[in-house]
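Participant: Need a 3D model of the sequence below.
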Amino acid sequence: MLGWFGAAIVVSVAVAVGALVWRPGTASSWGFQEFKLAVADIPVGIAVSPDGTVWFTLEASDAIGLLRNGRIQKLSKGADSVEPLGLAVDAGGRAWYTDAPKQRISRVSVDGSITSFGLSTPVARLGRLAIAPDGDVWFAETSLVSVTNLKDGRLTRHVVGSLSPETPMDAAPFGVAVAPDGTVWATLQNANKLLRLAPNGEKTAFDVPTRASGLGDVAVGAGGAVWFLEIAANKIGRFAGGRFEEFTVPTPRAGLTALAVAPDGDAWFTELRGHRLGRVHAGAITEFVLPRADARPFGITADAGNNVWYTDLSGWLGRLDADRARAR
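Facilitator: Have a look, this model is predicted:
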């Protein structure tokens, strides 16, 4: 979460343009390309559209950002963000994002037009957001202990508190991902469970092997394997074929924040305190040191070409080229 940022900051919505290309030279810079944002911008979530446009959310800002045709732009959205963790792009290239301060889910197009859907609640605590193959929007509605579906402007809430008798109404759903077959997966932080929500609405919860693991983000690969973060345990988890696997991150107390699965099946994650990106491939973890010693990577995604994109709370967007990502 981002609550530790302290006082809100005020930023301009003027267009900011700038790029720093890291060329071959040192092990920590080869293959990286980074884009500097405007002063005081704090990028958080990140997602890539089918046409290659990179969308990102900004903490304590009334704008949402995009990188398109080599230019960084900011589009006004009318209200400051607080912990803008939920972001995904639909097949039409529109970005969907959580807007907890205004108790709504919103959709923005590249022309700046915005459509919002109210949650009809006085308070909203929201986690991640995902788009299903059929275009449905799913998000974690922590304040109502629900994994919630938004379809054609209508909300359907799947309350999951009953799955956690030890914390009956505080399972704290956070991560959300949708498999190719439409199955929805979510992490229940306080219950230390992985939730499966079948297309017919049937719910099943699975206990994660490591107790009090501190579940975070979740992602699903094309083959249906479910990956998830164990923040407190400093592990990456995988669930497939009814079996759990756990992989310990080499850097101690790495500060895991986000997770994505690339089209080639590799799982990628961010290490906020380790100043690295990590990859799980064939059961082994490889870490990639970022070009700057003060880097604070937070959000991560992969595009159709297996290039890995990330946000850096220090005020940068970055890309690790696919060739480098596969190099070790």
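Participant: In this protein, where is pLDDT below threshold?
Facilitator: Residue ranges of the chain with pLDDT under 70: 1-29, 162-169, 327-328.
Participant: just the helices in it please.
Facilitator: In the chain, the helices defined using DSSP state H lie at 322-325.
Participant: Identify the residues contacting R196.
Facilitator: Counting by C-beta atoms under 8 Å, 6 or more residues apart in numbering, R196 makes contact with T183, V184, W185, K203, T204, A205, F206. In short, each C-beta sits where N, CA and C put it, glycine included.
Participant: Surely the first one and A198 touch.
Facilitator: The one in question is T183. Yes: with contacts counted by C-beta atoms under 8 Å, T183 reaches A198, the gap being 5.9 Å.
Participant: So the two - more neighbours on which side?
Facilitator: T183 (16 against 12; other C-beta atoms under 10 Å).
Participant: what's that one in contact with, if anything?
Facilitator: R196, L197, A198, P199, G224.
Participant: If you tally nearby residues, what's the number for the last one?
Facilitator: Spelled out, it's G224. 14.
Participant: what's the distance between it and V184?
Facilitator: 13 Å (C-beta to C-beta, to the nearest Å).
Participant: Beta-bridge partners for A240, please?
Facilitator: Beta-bridge partners recorded for A240 (DSSP bridges): R243.
Participant: Touching, it and A225? I think so.
Facilitator: Yes: applying C-beta under 8 Å, one finds A240 in contact with A225, separated by 4.0 Å.
Participant: Q73 is in contact with G65, isn't it?
Facilitator: Yes: assessed by C-beta under 8 Å, Q73 is found in contact with G65 at 6.8 Å.
Participant: Give me the more crowded residue out of those two.
Facilitator: Using other C-beta under 10 Å, the more surrounded residue of Q73 and G65 is G65, with 25 against 19.
Participant: check contacts around that one.
Facilitator: L37, D41, P43, W55, F56, T57, L58, I72, Q73, K74, L75.
Participant: give me that answer again for 6 Å
Facilitator: Contacts for G65 (C-beta atoms under 6 Å, 6 or more residues apart in numbering) come out as F56, L58, K74.
Participant: how about these in JSON lines, adding neighbour count and distance to P173?
Facilitator: Listed next are the contacts of G65 as JSON lines, based on neighbours: other C-beta atoms under 10 Å; distance: C-beta to C-beta, whole Å:
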{"residue": "F56", "neighbour count": "28", "distance to P173": "23"}
{"residue": "L58", "neighbour count": "26", "distance to P173": "24"}
{"residue": "K74", "neighbour count": "23", "distance to P173": "30"}
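Participant: ok, so of those, who is nearest N192?
Facilitator: F56 (30.2 Å; C-beta to C-beta).
Participant: roughly how far apart are the residue lying closest to F117 once chain neighbours are set aside and W138?
Facilitator: Excluding the flanking residues, the one nearest F117 by C-beta to C-beta, 6 or more residues apart in numbering is I105, at 5.0 Å. According to C-beta to C-beta, I105 and W138 sit 10 Å apart.
Participant: Mark which of the contacts of R196 are buried, thanks.
Facilitator: T183, V184, W185, K203, A205 (16 or more other C-beta atoms under 10 Å).
Participant: biggest separation within those, which pair?
Facilitator: Of all pairs drawn from the buried ones among the contacts of R196, the widest gap by C-beta to C-beta lies between T183 and A205 and measures 13.7 Å.
Participant: Tell me, how many residues neighbour A225?
Facilitator: The number of residues near A225, taken as other C-beta under 10 Å, comes to 17.
Participant: show me what contacts it?
Facilitator: By C-beta under 6 Å, 6+ apart, the residues touching A225 are R238, A240.
Participant: Neighbours of the closest residue to A322 other than its chain neighbours, how many?
Facilitator: Leaving out its chain neighbours, the residue that sits closest to A322 by C-beta to C-beta, 6+ apart is N306, at 4.0 Å. When neighbours are counted by other C-beta under 10 Å, N306 registers 18.
Participant: which ones are touching N306?
Facilitator: Contacts of N306 by C-beta under 6 Å, 6+ apart are A262, P263, D264, A322.
Participant: And the strands in the stretch 201-328 of the chain?
Facilitator: 203-207, 215-220, 226-230, 235-240, 243-248, 256-261, 267-271, 276-281, 284-289, 297-302, 308-312, 316-320 (DSSP state E, counting those that start in this stretch).
Participant: The second one - which strands sit beside it in the sheet, and in what orientation?
Facilitator: Taking DSSP bridges as the criterion, strand 215-220 sits next to strand 226-230 (antiparallel) in its sheet.
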